[in-house]
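Q: fold the following and give me the result.
(one chain, ligands or ions: 1)
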Amino acid sequence: MRYETIRQKAYAANMQLPELGLVLFTFGNASEADRQEGVFAIKPSGVAYADLSPEKMVIVDFDGKTVDGSLNPSSDTQTHAVLYRHWEGIGGIVHTHSTYATAWAQSLRAIPIYGTTHADYNIVDIPCALPMDDAMIQGDYEIQTGYQVLDHFKENGFDYREVEMILLGNHAPFTWGKNAAKAVHNSAVLEQVAKMAYLTEQINPQVPLLKKALMDKHYQRKHGPNSYYGQ
Ligand SMILES: O=C(CO)[C@@H](O)[C@@H](O)COP(=O)(O)O
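A: Just a heads-up that it's a prediction; the model follows:
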């Protein structure tokens, strides 16, 4: 079948979300893109994970229009479409409401770097975009959410190929990567780093940040000297 491969990959990624404890009930969603076809496969809206199958994944084009599938696509589909349209290097996106990452998003705080676990993935505080202003809220919420992500990265000079995650203030996290499996991995790492940072601040509210030299060493060891932030 024409879209079988991305349906299989999107299904596998969605099923990992409850397995990793990143979602409850129908929260969250994952998608896998096929850039040759200009489409992505995404979880159907409101369907319990236990009832999902590859065939139920909905095929949507990068303008957010359903091109194949009988079910309604996820309520966050337009956010996925905005990111696929503007960031040609991504092939998978995940949105969760995982507990600790969402708590940081609701607190409107970026996650500081307190340790090497965080530094292995990002040598920046994990970004948190401020809540939407009233004008954005009046618009199409999911489309505006996509532009909230793009605007935050542009304003802060982040490269989406290096920082593959964001917290949306008052909302929850989005992650991405070269495919949905990588985006799921990033969501699991984000939740673990968010939990560690919260507990670290509980144990020692005055704890200092990880030294920059150690951040760079860990990041370059994992990503190589030619990484975007390693230059
Ligand atoms: O919680 C939210 C709203 O952001 C969604 O992630 C969650 O309800 C999942 O909705 P869908 O079932 O994907 O339509």
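
Q: what helix or strand is the closest residue to residue 170 other than its chain neighbours on?
A: Counting by CB to CB, 6 or more residues apart in numbering, residue 170 lies nearest to residue 131, which is 4.3 Å off, once chain neighbours are set aside. (Glycine included, C-beta is placed from N, CA and C.) With elements taken from DSSP states H and E, nothing contains residue 131; it lies in neither a helix nor a strand.

Q: pull the CA atoms of stretch 148-162 into PDB?
A: Listed in PDB are the C-alpha atoms of stretch 148-162, where the atom choice follows Å, rounded to 0.1, in the frame of the first residue of the first chain:
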ATOM      1  CA  GLN A 148       5.000  29.700  18.700                       C
ATOM      2  CA  VAL A 149       7.700  27.100  18.300                       C
ATOM      3  CA  LEU A 150       9.200  28.600  15.100                       C
ATOM      4  CA  ASP A 151       9.200  32.100  16.600                       C
ATOM      5  CA  HIS A 152      10.900  31.000  19.900                       C
ATOM      6  CA  PHE A 153      13.700  29.300  18.000                       C
ATOM      7  CA  LYS A 154      14.200  32.200  15.700                       C
ATOM      8  CA  GLU A 155      14.200  34.800  18.500                       C
ATOM      9  CA  ASN A 156      16.700  32.800  20.500                       C
ATOM     10  CA  GLY A 157      18.900  31.700  17.600                       C
ATOM     11  CA  PHE A 158      18.400  28.000  18.300                       C
ATOM     12  CA  ASP A 159      18.900  25.400  15.500                       C
ATOM     13  CA  TYR A 160      16.200  22.800  15.400                       C
ATOM     14  CA  ARG A 161      18.700  20.200  14.300                       C
ATOM     15  CA  GLU A 162      20.600  20.600  17.500                       C
END
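
Q: can you give me the buried ones in that stretch?
A: Judged by neighbour count using 16 or more other CB atoms under 10 Å, the buried positions of stretch 148-162 are 148, 149, 150, 152, 153, 158, 160, 162.

Q: looking at it now, give me its mean pLDDT.
A: Here the mean pLDDT over stretch 148-162 is 95, rounded to a whole number.

Q: now distance to residue 191 too, for the buried residues of stretch 148-162, in JSON lines please.
A: Formatted as JSON lines, the entries for these read as follows, by distance: CB to CB, whole Å:
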{"residue": "148", "distance to residue 191": "21"}
{"residue": "149", "distance to residue 191": "18"}
{"residue": "150", "distance to residue 191": "23"}
{"residue": "152", "distance to residue 191": "20"}
{"residue": "153", "distance to residue 191": "21"}
{"residue": "158", "distance to residue 191": "20"}
{"residue": "160", "distance to residue 191": "20"}
{"residue": "162", "distance to residue 191": "20"}
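
Q: which residues does the residue most central in space within the chain contact?
A: With distances taken as CA atoms, centre = their mean, residue 175 lies nearest the centre of the chain, 1.3 Å away. With contacts defined as CB atoms under 8 Å, 6 or more residues apart in numbering, the neighbours of residue 175 are 93, 94, 164, 165, 166, 183, 184, 186, 187, 190.
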